[in-house]
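Enquirer: quick check, what structure comes out for this input:
(chains A and B, ligands or ions: 3)
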Amino acid sequence: MRKLVDLPTKESSKVAGKVGVSHKHESADKHVSGKAVYIDDRPDRSDQLHGAIGQSTIAHGIVKSMDLSKVKAHPGVEAVITSGDVPGKVDIGPVFGGDPVLVEEKVEFMGQALFAVAATSHEAAVKAAKLAVVEYDELTPVLSVKDALAKQNFVRPTHTQSRGDAKTAIGQSKHKLSGELQIGGQEHFYLESQISIAEPTEEGGMLVYSSSQHPSEVQILVAEVLGVPFNKVTIDMRRMGGGFGGKETQAAPWACLAALLANKTGRSVKMRLNRFDDMTATGKRHPFENTYDVGFDDEGLVKGIDFTINGNCGYSPDLSDAIVDRAMFHSDNAYFLEHANVVGNRCKTNTVSHTAYRGFGGPQGMISIEGVMDDIARKVGKDPLEVRKLNLYGQNDRNVTHYGQTVEQNILPMMIDKLENDCDYQARRAAITKFNHENQFIKKGIALTPVKFGISFTVQHLNQAGALIHLYTDGSIQLNHGGTEMGQGLNTKIAQVVAQEFQVDIDNILVTATRTDKVPNTSPTAASSGTDLNGKAAQAAAKTIRGRLVEFASEHFEVTQEEVIFKDNFVHIGDKTMAFAELVQLAYLNRVSLSSTGFYKTPKIHYNREQAHGRPFFYYANGVSCSEVVIDTLTGEYKIERVDVLHDVGDSLNPAIDLGQIEGAFVQGMGWLTTEELMWNDKGRLLSNGPATYKIPAIADMPEHFNVELLQNEPNREATIYNSKAVGEPPFMLAISVWSAMRDAISSVSDYKQSPVLHTPATPERVLDAVMQMQQD
Amino acid sequence: MINNQIQFLLNDQLTTLSDIDPNTTILQYLRQHQHKSGTKEGCASGDCGACTVVIAEAVAGKLRYKSLNACISLLPSLHGKQLITVEDLEDGDRLHPVQQAMVDFHGSQCGFCTPGFIMSLFALHKNFPDPSKHQTLEALAGNLCRCTGYRAIVDAAAAAKNHGADQFDRNVAHTIATLNSIARDTMAQLSLNKELNDGAQQAFSPLSLSQLSQIMLDNPQARLVAGGTDIVLEITQMHKKLGTIVYVGNVPELQKFEEHDDKFVIGAALPYSEFTPHLAVHYPEFGDMIERIGSLQIRNQGTLGGNVGNASPIGDTPPVLIALDAKLNLRCDDKVRQIAIEDYFVDYKVTSQQTSEFIESIEIPKPVSKAQQLKVYKISKRFDDDISAVLATFNLTIENDVITKARVAFGGMAGIPARAANCEQALNGQPFTQATIDAAKAQLASDYTPMSDVRASKDYRMTVAQNLLQKAFIEISQPQTNTGVVQYA
Ligand SMILES: Cc1cc2nc3c(=O)[nH]c(=O)nc-3n(C[C@H](O)[C@H](O)[C@H](O)COP(=O)(O)OP(=O)(O)OC[C@H]3O[C@@H](n4cnc5c(N)ncnc54)[C@H](O)[C@@H]3O)c2cc1C
Ligand code: FES
Ligand code: FES
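Expert: Residues are numbered from 1 along each chain as shown, chains lettered A, B, ... in the order given. Ligands and ions are numbered 1, 2, ... in the order given. Okay, here's the model as predicted:
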């Protein structure tokens, strides 16, 4: 036998990278030095080909003929495939059908993949793909929500959540308002565009490197298009250059096409979408057009509300059923809606299929009710913050949502008070009122808005996770879990959990690429659940191994199990102390298994969709933000002057990472509501098809003063991983305060008598329009 | 003599390239030819900064560092320079101070934008060892990050201040000596030749004005490339080949900057970042506006010649140059003719430039009196690095409350950058009053029929054009009044 490695002798005093410390991102050193390998950075195999897609040039119609001879003749082209070349299933719809990997007959949006090319270089493939001659029988496209509603053109049936009798309650209310809010979609603009590499294996399967939030689904879909059993396909996913939901379902088509081309040629194929192809061929955050009727009293207390939530789903269901549901679940945000009727329509249009994006419909539901709060405040002549506070969920009564979940650990009222105080809201409100009186052209606005976001997949079976841990005889640990690293720090947090369990330095732990052959049947890394689910699964695996070590040590050294204590990279066994690695070696020599899986499923959740009643969420994550903006009433230009945030992450696993999530989400949310404007023309062509025309926030758009604080001493009262809370999505919606503050500034032009219509994104053009509304009325 | 090669330092390696497709971008060269994959592609259109690399040039015995977008820069622009990429920053196994600061301040999340930020930060700290927030934001405005929200990156930038000498400083003498050994003037002409599937590709990189003139006579169809920030998009976005390329960045006469008593003469191929500060002394609002053209990476490459030469209706400098009554010196062979810049723009993307002719320089008159006011407004969705929906310039001379001279020009309001003749007429000779402004605003509707597009609707364009005249009036007549929201911190 080879000698086991030497052991450390010096006692180290502390464990580095435990739970609760701001340990750096596991790949930080690699990020900054260019050594982090993304899929496009993998050295090309000598036989490797490059794929590209040929896209439809109309939004709706039937393909009459497709002449691909010029494509095939282009230098470097090795293979061209159409839907007829798919050996297995053509439909790769993730939940419901409707997403052909290549168009079979009917074109449903402009930019849809008609065929795919493999060539010896990326450039050759892209050029060749432009050379097809396609004839269509054009059909009239449906391009707007209004048109889809008129034609009852839906991707899934309408669904309603209801409590009490909204109609009667509104009818009997002293005041009534109604309105409409058009909410723009959002391009994910992950910096790394969609990419996959497929390598044929000797069993007739595929090894696929895919930049995906959902490797297990990619595995299934690749197997299905190839017509092979799932066990012949393995997905490897080390890191994504950003995901944000855009790589949950919509990473799969490119993996499938790479696999199909690899299958056809017997060579490995890389499929990387150019930015333009990515923006025209992949789905975005759903645009919504929501309407409301609300009844309230003199104080501004809501008596009854009727919401119609209309999501623009694009051409296929994708995840839209759950997304519109989540918009409906969040149309209360933090407010008790005694009589509420929430109808959700899933409109089908001839645009790309809109998909998951941070918040998953939640933001579009939440902004609607926040808009209502502002509108009510103008009507009753109060500061919108007062109206918000008045309508908040109560502690012991008025604490059940319109879908029947009791709001527990209701810390939002406390958080609002704290932030109002900490950020000097009232004094600033007074100063702003004065400023607006003294300035004719420049106006300021302020708003403080809450976020209450439900954590759990609303599709119950997804709330499960697996992990796999190996201990090696030098004491080093390899960790694998079903989640995917897209920048959110998931691997770092989970390594911290394992470091905590074994009480060893985080440097001893290597988190390896997410692979479907290590942890099978995983859920997407989505719904903010990555750490909650996978952290628990990894903890379970670690506990199993640790339990074996404890049992072994207590037997071997004849002490009680309580006397075996893991601490500071050492193990204390009775009065004996040994290095962690020493115990591992001893356990190995005594034939103790040093590898284990771990599994977790979220407890307590249940939901009956027919009755729209239950507890879909394990818990709520909360946040409050206050934004101050200044607008130019001559041009509509604006600047976000100050933002204060107080956010609830329970007991933080890693404050630096949580802070980064909150700040990043806020700025992304701000982009959604301000400069990021998707535009399609009347033929269904996406006009905002690149970063020159689609403007995500740049560095100077960051609020001039940006104060973000984590709420302290409020552990999650549910038994989540170290009582932390999910953080990926909730802070995105904090940015709604920016939009509300803009409406506040605009409203000042009418001396706060009127509430402006301000559809989103609130570009300078929309702001100027709204200012002019105030001046006219 | 034609030398079929270009030479540059790839970090510290003297590198000679010949027989390579001159349409190759620096990014393709790095990733595909050199297998250096640290530099990323996020857009291939100059908009995201993921591909940022740094170029060092030897100027007056010193190295001058500039960030640029490798995705839209062609290889000939490397001749005689040092190319530094993210892989080169570590010193042995020690991270460079800007890298370490980004780690310490949690400045990366997904990490895909990070190499680009690192290179922008590296150049920033080389140029400003203790950068102000303004300088930091300016240096990083062309680097998009979708994950972090930027705060951590700004903090990292501040923390890396005064980081002391690094290996590049230690090697300065050697680097300069090597760069100087690359014969820039003994070579008659640089050329890259490559036979490709789709025809002969040729690139010239003339080293003098006479060579350039001759090449243009011999190759009337050749495409001029200055900064390339516009024309290279034809390669990376439209997937075309440029055919014969003439890179003008090595022609000293096109790189000049002259300040005379009454005017500036700016070489057509001088990058923005090199002349803007001088111009800003006399025309601060012009200077502020140029700071919003693209990003620092773009302004380190982009030129006035290219901005005028591409004849775009939404180029930012032409309306200002028209309002200032700037002149173009157009050269063909050894003949130079001077035209008023407004006569250059004929129709949408059509100019009065003749075959084999090119812009040699641009002459901008200096203000004639204190009574002259230049107001420049750029309206776009995003403050930085965004193409204008409307660009407005009002060049007004007001003496004794009378407008004695008005030149008004707009971008984004017509198929070419154009003067507002009727508006000017309503202003000229009139008292500087609200009534005059109202009349002039109304005239804008007869001067222009703007279009709706992805950047703005026609109604917004017209309304904002009129409101900007109003704003100019307020700012000149009531300077204490608060009017602007879009300024740097
Ligand atoms: C990300 C990004 C952002 C941008 N933002 C802005 C912006 O905010 N405002 C703006 O106005 N522009 C913007 N641009 C466009 C471009 O950067 C500018 O127009 C720049 O000034 C072009 O200069 P260049 O030297 O790079 O031109 P090049 O690309 O080298 O050339 C452009 C055109 O001019 C011709 N040309 C070059 N030199 C001459 C000459 N001496 N004589 C005759 N013709 C010549 C070329 O043949 C070509 O047709 C942006 C571009 C990018 C990629
Ligand atoms: S890759 Fe985006 S700027 Fe070059
Ligand atoms: S860290 Fe992901 S884009 Fe910047």
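Enquirer: tally of neighbours for the nearest residue to residue B:35 once chain neighbours are set aside?
Expert: Distances taken as Cβ to Cβ, 6 or more residues apart in numbering or on different chains put residue A:43 closest to residue B:35, at 6.5 Å, once the chain neighbours are dropped. For glycine as for every other residue, the C-beta is placed from the backbone atoms N, C-alpha and C. Neighbourhood size, residue A:43 [other Cβ atoms under 10 Å in any protein chain shown]: 9.
Enquirer: show me the domain layout of the chain.
Expert: Chain wasn't specified; assuming chain A. Split into domains by automatic domain parsing, chain A comes to A:48-140+A:194-272, A:288-458+A:609-776, A:464-601.
Enquirer: was after chain B, sorry
Expert: B:6-87+B:169-247, B:92-165, B:252-365, B:372-481.
Enquirer: for stretch B:401-410, list the C-alpha coordinates in CSV.
Expert: Output of stretch B:401-410 as CSV, limited to C-alpha atoms (Å, rounded to 0.1, in the frame of the first residue of the first chain):
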residue,chain,number,x,y,z
ASP,B,401,-29.8,91.3,-24.9
VAL,B,402,-30.0,90.8,-28.6
ILE,B,403,-29.1,87.6,-30.4
THR,B,404,-26.6,88.9,-32.9
LYS,B,405,-25.7,85.5,-34.2
ALA,B,406,-27.4,82.1,-33.9
ARG,B,407,-26.3,78.8,-35.4
VAL,B,408,-28.4,75.9,-34.4
ALA,B,409,-27.9,72.2,-35.4
PHE,B,410,-29.3,68.9,-34.4
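Enquirer: what about that stretch, distance to the chain center?
Expert: 28 Å (Cα atoms, centre = their mean, to the nearest Å).
Enquirer: would you mark the buried spots in it?
Expert: Residues B:403, B:404, B:405, B:406, B:407, B:408, B:409, B:410 are the ones in stretch B:401-410 that count as buried (16 or more other Cβ atoms under 10 Å in any protein chain shown).
Enquirer: and the spatially closest residue to the first one that is not a sequence neighbour, what's its pLDDT?
Expert: Pointing back at residue B:403 there. Leaving aside its sequence neighbours, residue B:403 sits nearest to residue B:427 (Cβ to Cβ, 6+ apart; 4.9 Å). At residue B:427, the pLDDT value in this model is 98.
Enquirer: these two touch, right, residue B:427 and residue B:407?
Expert: No: if you go by Cβ atoms under 8 Å, residue B:427 and residue B:407 don't touch, sitting 9.4 Å apart.
Enquirer: what number of residues lie near residue A:615?
Expert: Count around residue A:615 with other Cβ under 10 Å applied: 18.
Enquirer: residues from the stretch 401-550 of chain A in reach of chain B?
Expert: A:439, A:440, A:441, A:442, A:486, A:487, A:488, A:489 (Cβ under 8 Å from any Cβ of the partner chain).
Enquirer: from residue A:522, how far out is the last one?
Expert: Between residue A:489 and residue A:522 the computed distance is 19 Å (Cβ to Cβ, to the nearest Å).
Enquirer: likewise the first one?
Expert: Residue A:439 sits 56 Å away from residue A:522, going by Cβ to Cβ.
Enquirer: which of these two has more neighbours?
Expert: residue A:522 (27 against 16).
Enquirer: surely residue A:755 and residue A:375 touch.
Expert: Yes: here residue A:755 reaches residue A:375: they are 4.4 Å apart, a contact under Cβ under 8 Å.
Enquirer: is ligand 3 within reach of stretch B:34-52?
Expert: No: residues of stretch B:34-52 contacting ligand 3 under Cβ under 6 Å from any ligand atom: none, with a closest distance of 8.1 Å.
Enquirer: in that stretch, which residues are buried?
Expert: For stretch B:34-52, by 16+ other Cβ under 10 Å, it's B:36-52.
Enquirer: in helices, which of those residues fall?
Expert: Among these, none falls in helices (DSSP state H).
Enquirer: so which of the residues you listed belong to strands?
Expert: Mapping the buried residues of stretch B:34-52 onto strands (DSSP state E) picks out residue B:52.
Enquirer: which helix runs longest in chain A?
Expert: Max-length helix for chain A by DSSP H is helix A:530-557.
Enquirer: what is it packed up against?
Expert: Judged by 3 or more Cβ pairs under 8 Å, 6 or more residues apart in numbering or on different chains; DSSP states H and E, helix A:530-557 is in contact with strand A:464-471, strand A:477-481, helix A:490-502, strand A:564-567, strand A:570-573, helix A:580-589, strand A:595-601.
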